[in-house]
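Colleague: Below are the sequence and a predicted model; questions follow.
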Amino acid sequence: MPAQRKYFTILALLLGVPLLVTGARAARPQGGEEGGPRGGEGRRGPMSPDDRLKQMTKNFKLTADQQTKIKPILEDMQKKMEDLRNDSTGNRQEMRGKAMKITEDANTQIRAVLDDKQKEKFDKQEQERMQRMQNGRGGGMGAPRGDSPSGPPPQN
């Protein structure tokens, strides 16, 4: 009997260890960082207001005063977008229109804080973003930036 018990113990270890390793991998947050799917460079979804402010500060060389004025705009925009996502009463088209309105309102407020040179760059980036959205949901659908064909993708 002791040999049979030893056999079952070894068998249980051989089968159990891979299951434990697989379970540990599955329990780990996606995205490779503690923050889950939003953590890390390759994440999808909206940026946090702080991350967006950092990006804008880098792109537009925002002053400390501009940062102080823009941060609450970004936070308000995020709250409105979260409220919209949590509201399941509207259809997709209606929600999309509301999201566009929230973005337009925030952009108008942000533009009011920027100087002329920053506004020009901001407008250019927004135009490029809208173009990418129209060409394939964020621009990452296979074609490099700026090389996306206009119009809908070909049907197979």
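Modeller: Sure thing, it's come through.
Colleague: Give me the phi and psi for residue 56.
Modeller: Phi and psi for residue 56, reported as degrees, to the nearest 10, are phi -70, psi -40.
Colleague: again with the one 5 residues further on
Modeller: Main-chain torsions, residue 61, degrees, to the nearest 10: phi 50, psi 60.
Colleague: Spatially, what comes nearest to it if we skip its sequence neighbours?
Modeller: Nearest residue to residue 61, sequence neighbours excluded (Cβ to Cβ, 6 or more residues apart in numbering): residue 118, at 7.5 Å. Where C-beta positions appear, they are placed from N, C-alpha and C, glycine not excepted.
Colleague: Residue 79 - how many residues pack around it?
Modeller: The tally of other residues near residue 79 (other Cβ atoms under 10 Å) stands at 12.
Colleague: same deal with residue 52?
Modeller: Residue 52 - counted by other Cβ under 10 Å - has 17 other residues nearby.
Colleague: now swap in residue 102 and tell me
Modeller: 18.
Colleague: What of residue 62?
Modeller: 20.
Colleague: For this structure, which segments are assigned as helices?
Modeller: 2-27, 49-60, 64-86, 92-113, 116-136 (DSSP state H).
Colleague: re earlier: quick one: the residue nearest to residue 61 from residue 69, how far?
Modeller: Using Cβ to Cβ, to the nearest Å, one obtains 12 Å as the distance from residue 118 to residue 69.
Colleague: Please say which of those two ends up with more neighbours.
Modeller: Using other Cβ under 10 Å, the more surrounded residue of residue 118 and residue 69 is residue 118, with 19 against 16.
Colleague: quick one, what contacts the residue lying closest to residue 122 once chain neighbours are set aside?
Modeller: Nearest residue to residue 122 in three dimensions, chain neighbours excluded: residue 114, at 5.9 Å (Cβ to Cβ, 6+ apart). Residue 114 makes contact with 60, 66, 122 under the criterion Cβ atoms under 8 Å, 6 or more residues apart in numbering.
Colleague: what pLDDT does residue 114 get?
Modeller: Per-residue pLDDT puts residue 114 at 95.
Colleague: So what does residue 89 look like in phi/psi?
Modeller: With angles defined as degrees, to the nearest 10, residue 89 sits at phi -80, psi -30.
Colleague: how many neighbours does it have?
Modeller: Per other Cβ under 10 Å, the neighbour tally for residue 89 reads 6.
Colleague: Quick check, pLDDT for residue 17.
Modeller: On pLDDT, residue 17 comes in at 52.
Colleague: Also residue 37?
Modeller: Taking residue 37 on its own, its pLDDT is 42.
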